[in-house]
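J.: sequence? don't have it. structure:
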């Protein structure tokens, strides 16, 4: 097992920078998810680790070895491809044994190891079949078995679930997590599906335009997005954003947030932390589940109008208008609301996230 | 992905073997090199040679049009050859295009057995022009099947001579039939390939929008098929001006055509100059038509899928 | 299927409306007519080639001869130079295949796998070479061949046939390699193969049927080619060149038997590669 280290890695295709100066350390045994929209460079980053792309700048380390100049076959990696890339002209057994044969492992040992891995993945019944006789989920397992039978230091997965049906995807996702616990290889997993990222990753690296925007554990990425992009990309519905301003009232030292035509007083700790940003235009972020909806606008609650009500089964998703701004709010199904109704909103100030309006970057870590 | 706005770290020197065979840089060029060399050797050199021989005085080596004027003076079959080649091309190519389009549309309805039908229609693709000419010779000959059929139908009492130099129109007709039979397959295959690339969604959305069968053909299929039509027309027209063995097999040299003149001048009279002049003329005509098609059937870059 | 449908009617066997039935009849009539138009001449020459000599010259000719006879074919095969030129044709075709595949397959592989500068220029160059008239290639090569000492040799003919087949072969092999997913090769590379090993162990076996089809297509091109073979040889002729050279002086049954004889292998090969006939013309772009 080994850690992976990317140091100032660049990859350029013609005039397009796919990976821009990426530096990242993936710890030994960690499950890291590379997450981002299509075209953000996450797959290219993975292929740079695999050696399928030559980096145009920077270095790649696996363990203590500098593998920048090594071909993929000498990097001690296993890789699962999006299309699985199971060799159609070989039986399942030969597919799984392929890498071992390349390494000239004795035949008896090949048979033993293939058998072990096949049992681990529950495909020992399929060893004599050809890939064309397998379902998508089975093929995916063969691809995983083929990658882990080599007991690689590093396991790389490129959107391995994207070609599966929704139901099987859920099941395989859990299996992958169990498998990672069992074999403990350092794993890098590429996906554009934020739910997958949140459920699988020890840490998530969010990428955009070839750069890494944030690397943190799932809870932090979700609760404390590094910028507007991360907040808007992760979570369903995405984080709400309102333009606002921080002002310092005359009386006490606490700050007040002016947003959507209303003033929200901030608690002491937050006020102290944000003191230096007084007067600056900010973007305020708040998650849909952190807004409390009152049936009527009362007291200090923010008045809002219901635009759309979407029942999602376990919750209701409301689209609200607050002083010309649109908010998405998650509420319990027992709340009685219908479109055009006036309601009141209440925020927990501790759940508010403050970003610089110009750069989009979070003001507090 | 963003465009470059930061200079990339200077590339490090790599081991020599990797620099020469580097996967993402030079390898494709090494792989292409043999074909480029071969094509240069067998296309560029003959082309320049042909031009040299056609435009140079064989004795002095000076650049001249003498070979062309000599040809006009000595080869009384030059003008007929030009005439018949053109007439054959402008008769056969449109006929083939229409036939092939109809058959391709038929195949594209995907009826049961359409694949077998397509294969049958593509069979002539494998036949040489000489063999095709000889096959039709068996039909058009004095005692051939056509005469037998006409007799059986009671239309004639004695064999009618079809392939004779006294009836050049009949020869022309026979060549048109044989060439149409032989070479429509290539147009067909190109058009079927083109039709298969047109997604059914376009046709279905047109249908939902109220377009009838003919409107769908005219406003959806044909415009989307334009690249294939262009390719098929270029290929077929160029081959049409090369027409050779079918004519020889059916008409000998009674129906003079350009390629046959080139062959005759070299093969029977060892005159390389005149043969080259004919070769250059065929190329010139092919180029003119190719350019015409490219201009008039132009597919704008934005229209490509 | 809706649950209200009676269970004894399998899907697709619903009764046709009269209009649909009429259209279907018209469709199949057209199909049969067109197919006959293509097949009939081949059938007729086959019949004629096995017609006894006396009926060959008889008139009117019956559609089916009174007895099966190989006289005509035997006469053709035993004619001076025919057997020899047939062997020559086969040799030339095999040489052409070898030259073409060795040169075209790498180019097709490069076009299918890499996005590189000059790629479009090369494709355009390939397309342009398809437009060269045979006469323009063959006639000037006479001089060059004399100088190189390969005039009137089978190798010389194979060289020009390879040049004529190369543009097609590059396009065909490109689409064949595009058909073998790049990810398979990359998977092999992550499992310890070098690029060459990955090609040999994964791509090549999967591309083999397609490459065989390309080889057969090349065979057909070479086997059928008349003009260049006729101008570049005098003694060592290929079959079409031999037939052509004797055409003016030959008997009708020589012509007919020759036509049929040349048709047979082409028919076989076209049958074998029928799956690829369409694919060859649908040019596909490289994967990224």
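T.: Ah, there it is. As the structure is a computational prediction, the values presented were derived from the model and not from experiment. Numbering: from 1, shown residues only, chains lettered A, B, ... in the order given.

J.: Flag the shaky bits of the chain, pLDDT-wise.
T.: Going with chain A. A:1, A:250-253 (pLDDT under 70).

J.: Chain C was what I was after
T.: In chain C, residues with pLDDT under 70: C:1-14, C:59, C:279-288.

J.: Confirm for me that residue C:168 is in contact with residue C:217.
T.: Yes. Residue C:168 is within contact range of residue C:217, at 6.7 Å (criterion: CB atoms under 8 Å). All C-beta atoms are positioned from the backbone trio N, CA, C, and that covers glycine.

J.: Would you mind telling me which of the two has more residues around it?
T.: residue C:217 (24 against 19; other CB atoms under 10 Å in any protein chain shown).

J.: list the buried ones in the helix or strand containing that one?
T.: Using DSSP states H and E, residue C:217 sits within helix C:204-224. Neighbour-count burial for helix C:204-224, counted by 16 or more other CB atoms under 10 Å in any protein chain shown, picks out C:206-207, C:210-211, C:213-224.

J.: same for the helix or strand that it is followed by, what does it pack against?
T.: Tracing the chain past helix C:204-224, the next element assigned as helix or strand by DSSP H and E is helix C:227-232. Applying 3 or more CB pairs under 8 Å, 6 or more residues apart in numbering or on different chains; DSSP states H and E, we find helix C:227-232 packed against helix B:258-267, helix C:134-148, helix C:154-178, helix C:239-245.

J.: Can the helix holding residue C:217 be said to contact chain A?
T.: Yes. Applying CB under 8 Å from any CB of the partner chain, one finds helix C:204-224 touching chain A at C:205, C:206.

J.: could you give the angle of that helix to helix C:154-178?
T.: Per axes from the mean of the first three to the mean of the last three CA atoms, to 10 degrees, the angle that helix C:204-224 makes with helix C:154-178 is 140 degrees.

J.: do helix C:204-224 and chain B meet at all?
T.: Yes. Among the residues of helix C:204-224, C:220, C:223, C:224 lie within reach of chain B under CB under 8 Å from any CB.

J.: For that helix, what is the distance to the chain centroid?
T.: Here helix C:204-224 is found 8 Å from its chain centre; the criterion is CA atoms, centre = their mean, to the nearest Å.

J.: Show me what it is packed up against.
T.: By 3+ CB pairs under 8 Å, 6+ apart, helix C:204-224 packs against helix B:129-140, helix C:82-113, helix C:154-178, helix C:239-245, helix C:252-272, helix C:276-279.

J.: could those helices be laid out in CSV, adding distance to chain A?
T.: As requested, the helices and strands packed on helix C:204-224 are exported to CSV (distance: least, CB to the nearest CB, whole Å):
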stretch, distance to chain A
helix B:129-140, 38
helix C:82-113, 12
helix C:154-178, 14
helix C:239-245, 38
helix C:252-272, 20
helix C:276-279, 18
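
J.: For residue B:49, give me its contacts.
T.: Shown in contact with residue B:49 (CB atoms under 8 Å, 6 or more residues apart in numbering or on different chains): B:276, C:140, C:141, C:143, C:144.

J.: Which stretch among the helices and strands packed on helix C:204-224 is buried most, on average?
T.: Mean neighbours per residue, mean count of other CB atoms under 10 Å in any protein chain shown, is largest over these for helix B:129-140, with a mean of 27.

J.: And the strands in the stretch 201-350 of chain A?
T.: Here the stretch 201-350 of chain A has its strands, by DSSP state E, counting those that start in this stretch, at A:203-208, A:211-216, A:240-247, A:256-259, A:262-265, A:281-286, A:291-294, A:302-311, A:315-322, A:325-332, A:342-347.

J.: Tell me how far the residue nearest to residue A:288 when sequence neighbours are not counted lies from chain B.
T.: Closest residue to residue A:288 apart from its sequence neighbours, by CB to CB, 6 or more residues apart in numbering or on different chains: residue A:330 at 4.3 Å. Relative to chain B, residue A:330 is positioned 34 Å away (CB to the nearest CB, to the nearest Å).

J.: number of nearby residues for residue A:330?
T.: If we define neighbours as other CB under 10 Å, then residue A:330 has 18 of them.

J.: Distance-wise, check it relative to residue A:293.
T.: 9 Å (CB to CB, to the nearest Å).

J.: ok, now residue A:144?
T.: 44 Å.

J.: These two - which one has more neighbours?
T.: When residue A:144 is set against residue A:293 and neighbours are counted by other CB under 10 Å, the residue ahead is residue A:144, at 25 against 21.

J.: Just put the contacts of residue B:49 in CSV and tack on neighbour count and distance to residue A:192.
T.: As requested, these are exported to CSV (neighbours: other CB atoms under 10 Å in any protein chain shown; distance: CB to CB, whole Å):
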residue, neighbour count, distance to residue A:192
B:276, 29, 62
C:140, 25, 58
C:141, 25, 57
C:143, 17, 63
C:144, 16, 58
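
J.: And what about the nearest residue to residue C:188 once chain neighbours are set aside, helix, strand or coil?
T.: Leaving aside its sequence neighbours, residue C:188 sits nearest to residue C:198 (CB to CB, 6+ apart; 3.9 Å). At residue C:198, secondary structure determined by DSSP: H, G, I helix; E, B strand; the rest coil is helix.

J.: And residue C:198, how far from residue C:21?
T.: On the measure of CB to CB, residue C:198 and residue C:21 end up 55 Å apart.

J.: Between those two, tell me which one has more neighbours.
T.: The neighbour comparison of residue C:198 against residue C:21 (other CB under 10 Å) goes to residue C:198, with 23 against 11.

J.: In this structure the more buried one contacts residue C:185, no?
T.: Yes. If you go by CB under 8 Å, residue C:198 and residue C:185 touch, sitting 4.6 Å apart.

J.: Spatially central residue in chain A, please.
T.: residue A:197 (3.5 Å; CA atoms, centre = their mean).

J.: Beta-bridge partners for residue A:78, please?
T.: residue A:155 (DSSP bridges).

J.: what's near enough to touch residue B:253?
T.: B:77, B:260, B:264.

J.: Filter those residues down to the buried ones and express that as a ChimeraX selection.
T.: Only the buried entries of the contacts of residue B:253 go into this ChimeraX selection, using 16+ other CB under 10 Å:
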select /B:260,264
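
J.: quick one: which of the contacts of residue B:253 is nearest chain C?
T.: Distance to chain C across the contacts of residue B:253 (CB to the nearest CB) is lowest for residue B:260, with 9.6 Å.

J.: That closest one touches residue B:81, doesn't it?
T.: Yes. The pair residue B:260 and residue B:81 qualifies as a contact (CB under 8 Å) at a distance of 7.2 Å.

J.: could you point out which element follows the longest helix along chain A?
T.: Criterion DSSP state H: the longest helix present in chain A is helix A:166-183. Following the chain from helix A:166-183 toward its C-terminal end, the next helix or strand by DSSP H and E is strand A:186-191.

J.: Counting by contacts, list what that next one packs against.
T.: So strand A:186-191, by 3+ CB pairs under 8 Å, 6+ apart, packs with strand A:31-35, helix A:42-50, strand A:154-158.

J.: now the angle from it to strand A:154-158?
T.: Going by the same axes, to 10 degrees, strand A:186-191 makes 10 degrees with strand A:154-158.

J.: How far off centre is strand A:186-191?
T.: With CA atoms, centre = their mean, you get 10 Å for strand A:186-191.

J.: Can you give the domain ranges for the chain?
T.: Picking chain A for this. Listed domain ranges for chain A are A:4-233, A:240-356 (source: automatic domain parsing).

J.: Chain C is the one I meant
T.: C:18-74, C:80-279.

J.: Just tell me which of those ends up closest to residue A:308.
T.: If you check each of those against residue A:308 by CB to CB, domain C:80-279 wins as the nearest, at 42.2 Å.
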